[in-house]
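In: fold the following and give me the result.
(chains A, B, C and D)
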Protein chains: 2
Amino acid sequence: MADESRAGRAPSIRDVARIAGVSHQTVSRVLNDHPSIRVETRARVQQVMDDLQYRPNRAARVLVTSRSQTIGVLASAASMYGPASSIQALEQAARAEGYFVNTVNLDGTDRDSIERGLNHLLDQAVEGLVVIAPQVRVFETFHDMNISLPFVTLQSTVASQNALSVDQITGARLATRHLIDLGHRNIYHLAGPQDWIEAEARMHGFLSEMSDRDVAATAPILGDWTAEFGYYAGRELLRVRDFTAIFSSNDQMALGLIHAIREAGLDVPRDVSIVGFDDIPESAHFWPPLTTVRQDFAELGRRAIALLLGTLDDQIAGQPGLVPDLIVRGSTAPPIF
Amino acid sequence: MADESRAGRAPSIRDVARIAGVSHQTVSRVLNDHPSIRVETRARVQQVMDDLQYRPNRAARVLVTSRSQTIGVLASAASMYGPASSIQALEQAARAEGYFVNTVNLDGTDRDSIERGLNHLLDQAVEGLVVIAPQVRVFETFHDMNISLPFVTLQSTVASQNALSVDQITGARLATRHLIDLGHRNIYHLAGPQDWIEAEARMHGFLSEMSDRDVAATAPILGDWTAEFGYYAGRELLRVRDFTAIFSSNDQMALGLIHAIREAGLDVPRDVSIVGFDDIPESAHFWPPLTTVRQDFAELGRRAIALLLGTLDDQIAGQPGLVPDLIVRGSTAPPIF
DNA sequence: TCTAGCCATGTGCACGGTCACATTGTGATG
DNA sequence: CATCACAATGTGACCGTGCACATGGCTAGA
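Out: Numbers count the residues shown, from 1 in each chain, chains lettered A, B, ... in the order given. All right, here's what the predicted structure looks like:
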């Protein structure tokens, strides 16, 4: 019937060309801002494109150029505060550079899940990869796959060209030092899951600082990041009350700890001092407001894109990495003797 | 040099065909599980594909079929607890149905941002859209664009075929009723931003319930969802202490309120009862544990996919929508007279 | 034995762009 | 005035798949 485009297919470059009375190549040139086009011609073609509501077919373009202008993000634990913040910032940074971002949430840490996610991204012909692999397992599995694409890993605290992270050891040391400086000598550490790279780094930082200051440390407790776990761990710890401070590996567990402590009729920070990690937005309004270690997740995301796109200035590149800050609030105080 | 594939291009269906000694179409059949292929042939082709590490070119496939097997998610506020939970569940559900998911985080609520995000998804030839549009503005702007694609909107409390949401009004009524039943008569409502659909619905639910029970209501306070705001609003409210309970439109603001109340030397729930909304995982460990309204965000995400793919059983389709639950914990008690 | 019908496979084109190269016309230069 | 460079445009092939249709062989029924 209509002579425009048949079979429900969207108008193509050739439809535009025919109506505008030019060759398909000229239309392509308009599309790509080629300099050698008469203003008048460009305008006419543009007009037809608007009339037809023409939109270039990305698949066709990707097919011939093998370039997608897309960066893939492989994220595990994407709903946690840190990763979520990084992703958001990263997406914005990428967009500013003219790139698209495709995010895949892994549904597990097993090799299969990772492969599935990776395949999805490779199918999209992504040109680079940002891997948020906070778990050892994901990190290693990913590396084993030896990808030929340029990629950057986030939150993995590994001395490497393309691994970006906030210095967890320093952060943990800061937290621990703060407690020691306040006079605490019996300090527990509620760590994250064993298979999380950053959890291990924080634990390491804690133990190093304790040892450097000649304070005896008990074995850290391995948690699962949830407030729930912090609560039960707190209850357990309170059965033998042989500590005056706890350094929790994240804010949620710290919240659970405080809950347990207070439920036992004790006070934070009078009876027990608590330090968290991450500085989630809620921490400032816990009761008491939580002393914690702040990491700049957004900056991490931005740097990932900069590194990936190679637009990293020497200035930033020369920096030793992101350093976290200790935010002292109300959950820490000197111990009572 | 090598006779395999030239110019760094990945091996194609034809490379596989040549080496396996069949036509490219036969390879295509193996790829698509066509029934009429001799087992032996299939095995041989499969072997070559493995050897070459062949992976089908999605762009080519999309180009010819105009089907992408991809669902687009247009998300605003994707880092908030609700949307994030829905997205994660939705992604999993889609994957189970053999679909991929592409998520775009809007970087603003203006028309331009929405258009950019939408264009990105359309470029990917998505076959359906899930729009997480909790703000009025996003919701309306999106509808104005009258998309020809099938789509579902989430979190928008609108009576419509393709708008899915938890019943906010009921939720707000539940919270309010709980407070009234406890004996409270001076109840404030700390609402969400005016331009959020669900904030308005909750406010509406609050006012309706108050009016139904003949309890006079003061004008709600318009917040911004943050604990920070809740804190300052609390401080402000406490200057004239003319209430015994506050229903906060989300848990974060409730946290801020509790902070302010406690800082003023008062107790929750003895002096003031607080009810939140959402039941974020931390709420159970606030001090006191927060009475709040739980919404099943994950189910919402799953239903979005089911609705979009039309696999929704009549049973579910007939249901009136998701109903939230009141979770009574420690932040509410009868008022002191 | 002939033929219909199905199985297994092959041939050629279409999808919607980009790229390399060809073809004009035009003004500057010697 | 011939030559040349360049601007503006056109032509045809190609990217890697899937689809429609063709082909040949084999089996079963008339």
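In: please make it C-alpha for all contacts and neighbour counts, starting now.
Out: OK.
In: and the residue most central in space within chain A, what's its pLDDT?
Out: Centroid-nearest residue in chain A, with CA atoms, centre = their mean: A:Pro83, separated by 3.1 Å. For A:Pro83, the pLDDT comes out at 92.
In: again with A:Asp314
Out: pLDDT at A:Asp314 comes out at 59.
In: I'd say the residue nearest to the centre of chain A and A:Val131 touch.
Out: No: A:Pro83 is beyond contact range of A:Val131, at 10.3 Å (criterion: CA atoms under 8 Å).
In: what residues are shared contacts of those two?
Out: A:Ala75 (CA atoms under 8 Å, 6 or more residues apart in numbering or on different chains).
In: so where is the stretch 1-150 of chain A shaky, pLDDT-wise?
Out: A:1-7 (pLDDT under 70).
In: what about the strands in chain A?
Out: A:70-75, A:100-105, A:128-132, A:151-154, A:163-164, A:187-191, A:221-222, A:245-248, A:273-275, A:292-294, A:325-327 (DSSP state E).
In: contacts for the second one, please.
Out: Translated: strand A:100-105. A:69-78, A:91, A:94-95, A:117, A:120-121, B:88, B:91, B:101-104, B:120.
In: mind running it again at 7 Å?
Out: A:69-76, A:78, A:91, A:94, A:117, B:102-103 (CA atoms under 7 Å, 6 or more residues apart in numbering or on different chains).
In: next: the fifth one.
Out: Among residues not part of strand A:163-164, those counted as contacts by CA under 7 Å, 6+ apart are A:Val152, A:Thr153, A:Leu154, A:Gln155, A:Ser156, A:Thr157, A:Ala304.
In: tell me the most packed of those, by neighbour count.
Out: Most neighbours among the contacts of strand A:163-164, by other CA atoms under 10 Å in any protein chain shown: A:Ala304, with 30 neighbours.
In: re the thing from before, identify the farthest-apart pair in the contacts of strand A:163-164.
Out: A:Thr157 and A:Ala304 (13.7 Å; CA to CA).
In: thought A:Phe139 was touching A:Ala133?
Out: Yes: using CA atoms under 7 Å, A:Phe139 makes contact with A:Ala133 at a distance of 5.2 Å.
In: so which of those two has more stuff around it?
Out: A:Ala133 (25 against 21).
In: and for the residue lying closest to A:Arg58 once chain neighbours are set aside, the neighbour number?
Out: Spatially, and ignoring its direct neighbours in sequence, A:Arg58 is nearest to B:Asp123 (5.6 Å; CA to CA, 6 or more residues apart in numbering or on different chains). Neighbour count for B:Asp123, taken as other CA under 10 Å: 14.
In: now swap in A:Asp242 and tell me
Out: 11.
In: just give the closest residue to it, not the sequence neighbours.
Out: A:Asn186 (7.0 Å).
In: the one you found reaches A:Ile246, doesn't it?
Out: No: using CA under 7 Å, A:Asn186 makes no contact with A:Ile246, being 8.6 Å away.
In: settle it for me: which of those two has more neighbours?
Out: A:Ile246 (24 against 17).
In: for the stretch 201-337 of chain A, give me the ranges with low pLDDT.
Out: For the stretch 201-337 of chain A (pLDDT under 70), the answer is A:311-320.
In: quick check: residues of it near DNA strand C?
Out: Residues of the stretch 201-337 of chain A lying close to DNA strand C (CA under 7 Å from any atom of the strand): none.
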